[in-house]
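*Asks:* A structural model of the following input is requested.
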Amino acid sequence: MSDKPTPYIGLEDQLILRDHLAADRTILANERTFLAYIRTALTLFVAGLSFVHLKIFESHIFEAIGIIFILLGIATFFVGLFRYKRMQALIHKIKQEELKELGEKNAS
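*Replies:* Now for the predicted structure:
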């Protein structure tokens, strides 16, 4: 195997392959969800820029819609970043608790 550190150090006795794969799937799902937030934010932002620069009609309504889309895109990015970081911290906390419990079992 590789010498790359894994988040399962100390849990090798307790976790089976299915548990390792489930933890990895959870981490990847969190990253995939964050990428979906980024993709949505970029789409809203670009759509907003398109509306702002739309000069076919001399109406300020399109500019207002564009600004709203731009703000929604920025807000979507920060909501996604907040949720990603929160879930990442939760996953890290759960792993630390597992390591702590394993350490207490091995000490006794």
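*Asks:* Give me the three-state assignment for E63.
*Replies:* Three-state call for E63 (DSSP: H, G, I helix; E, B strand; the rest coil): helix.
*Asks:* go on, A29?
*Replies:* Three-state call for A29 (three-state DSSP): helix.
*Asks:* Quick one: neighbours of it, just the number.
*Replies:* Residues near A29, counting by other C-beta atoms under 10 Å, number 11. Every residue, glycine included, has its C-beta placed from N, CA and C.
*Asks:* any idea how far it lies from F78?
*Replies:* Applying C-beta to C-beta, to the nearest Å, one obtains 20 Å for the distance of A29 from F78.
*Asks:* swap in H60?
*Replies:* Separation of H60 from F78 (C-beta to C-beta): 27 Å.
*Asks:* Which one of these two is surrounded by more residues?
*Replies:* In this view H60 and F78 are compared by other C-beta under 10 Å, and F78 has more residues nearby, 11 against 8.
*Asks:* The more buried one and E97, how far apart?
*Replies:* According to C-beta to C-beta, F78 and E97 sit 29 Å apart.
*Asks:* same thing with T26?
*Replies:* Where E97 is concerned, T26 sits at a distance of 15 Å (C-beta to C-beta).
*Asks:* Then I74?
*Replies:* Distance from I74 to E97, counting by C-beta to C-beta: 35 Å.
*Asks:* the more surrounded of these two?
*Replies:* Just comparing I74 and E97: by other C-beta under 10 Å the higher neighbour count belongs to I74, 14 against 10.
*Asks:* In three-state terms, label that one for me.
*Replies:* For I74, the assignment made with three-state DSSP gives helix.
*Asks:* and the gap between it and R83?
*Replies:* For I74 relative to R83 (C-beta to C-beta), the value is 15 Å.
*Asks:* Kindly report the same for A75.
*Replies:* Per C-beta to C-beta, A75 is found 12 Å from R83.
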